[in-house]
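K.L.:
Sharing a sequence plus its predicted fold:
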Amino acid sequence: METQTVYIPKLMPKEEFFMPGHRACIGCGEALALRLVCKALGSNVIVVNATGCMEIVSSQMPYTSWAVPWIHTLFENTAAVASGIEAGIKSLNSKSKKSLEGVKVVAVAGDGATADIGIQALSGALERGHDFLYICLDNEAYMNTGIQRSSATPFGAHTTTSPAGKVSMGQFTWKKNLPAIVAAHNVPYVATACPSYFKDMMTKLQKAASIKGPTYVHILSVCPTGWRCATDITVKIGRLAVQTGMFPIYEIENGKYKLNMDIPQLRPVNEYLKLQGRFRHLSDDMIKKIQERVTEDYARLKERAA
């Protein structure tokens, strides 16, 4: 594994590569995450962006919020397009037609384009060992097309395709563990992150970009519109997701787990759930069920990290 020194300056970089003027919703955690992603990675990148919220809000013809090379692709083939660009860069460098040494290919996609529609292309690219960074911006549903459930939607959440009602309790499956699925491909680096802990997230992004081979960072992106929460508590909800164990932040480096925030006593999940309208229908029994599952999963994660 080839790495380089990772350095986060004390002050946030002033350069902006995801520019203001986009059409993201008020309080959008995904736009915040992407702005920090671009600050962490700098200008020497080529971004492949799947269809989704960030693609739509940032690229209304004839305007763009991108100050780096950027290409829009479909839900299903983000990793395939990133693979092709990476292979093209290798070819150009080997033939000395044009030196693109040091350029990092970065794929950006939502949870639907990663966990569902694009998982086949992602798996193939990981297996082939392409040198790129894949970033999943996880807002836990297909928000851009009307808040439909994805396999990353948490158990019990209300969406337009997993509605809560008299005979339905919302999402009835548990959130797919994408970081573990990616790590099963024996890639050198996998991490979870949340912009509420921006230093941790930016450090992981720089680390992932410095490693040779396929790397993956899974970023929780709070969505006030889809989660039915206040627009001024995006950062607070992200912190609660981590502190309750609903979304722990950790790394898997060459198969070895490391907890980046080890919480001896998790906060009750209800502190996180009660702030979001998508969970307001949950009964005490369902909240207890979620709490038990989160506690078990967190204990299992700690064992792996130990």
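P.N.:
That came in fine, so what should we check first?
K.L.:
Need the pLDDT of the residue nearest to Glu127 when sequence neighbours are not counted.
P.N.:
The spatially closest residue to Glu127, leaving aside those adjacent along the chain, is His185, at 6.0 Å (CB to CB, 6 or more residues apart in numbering). All C-beta spots, glycine's among them, are computed from the backbone N, C-alpha and C. Looking at His185, its pLDDT stands at 98.
K.L.:
any idea how far His185 is from Ser150?
P.N.:
His185 sits 21 Å away from Ser150, going by CB to CB, to the nearest Å.
K.L.:
So if I had to pick from those two, which one is more boxed in?
P.N.:
Ranked by neighbour count (other CB atoms under 10 Å), His185 and Ser150 place Ser150 first, with 25 against 17.
K.L.:
can you pull out the strands in the stretch 151-300 of the chain?
P.N.:
For the stretch 151-300 of the chain, the strands defined by DSSP state E, counting those that start in this stretch cover 189-193, 215-220, 250-253, 256-259.
K.L.:
To clarify, my last question referred to the stretch 1-150 of the chain.
P.N.:
Using DSSP E, counting those that start in this stretch, strands in the stretch 1-150 of the chain cover 45-50, 70-73, 104-110, 133-138.
K.L.:
Can I get those in JSON lines including mean neighbour count and mean pLDDT?
P.N.:
JSON lines is the format used below for those (neighbours: other CB atoms under 10 Å; pLDDT from 0 to 100):
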{"stretch": "strand 45-50", "mean neighbour count": "24", "mean pLDDT": "98"}
{"stretch": "strand 70-73", "mean neighbour count": "18", "mean pLDDT": "97"}
{"stretch": "strand 104-110", "mean neighbour count": "27", "mean pLDDT": "98"}
{"stretch": "strand 133-138", "mean neighbour count": "27", "mean pLDDT": "98"}
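K.L.:
For Asp200, which of these is the nearest?
P.N.:
Nearest of the strands of the stretch 1-150 of the chain to Asp200, taken as CB to CB: strand 133-138 at 14.8 Å.
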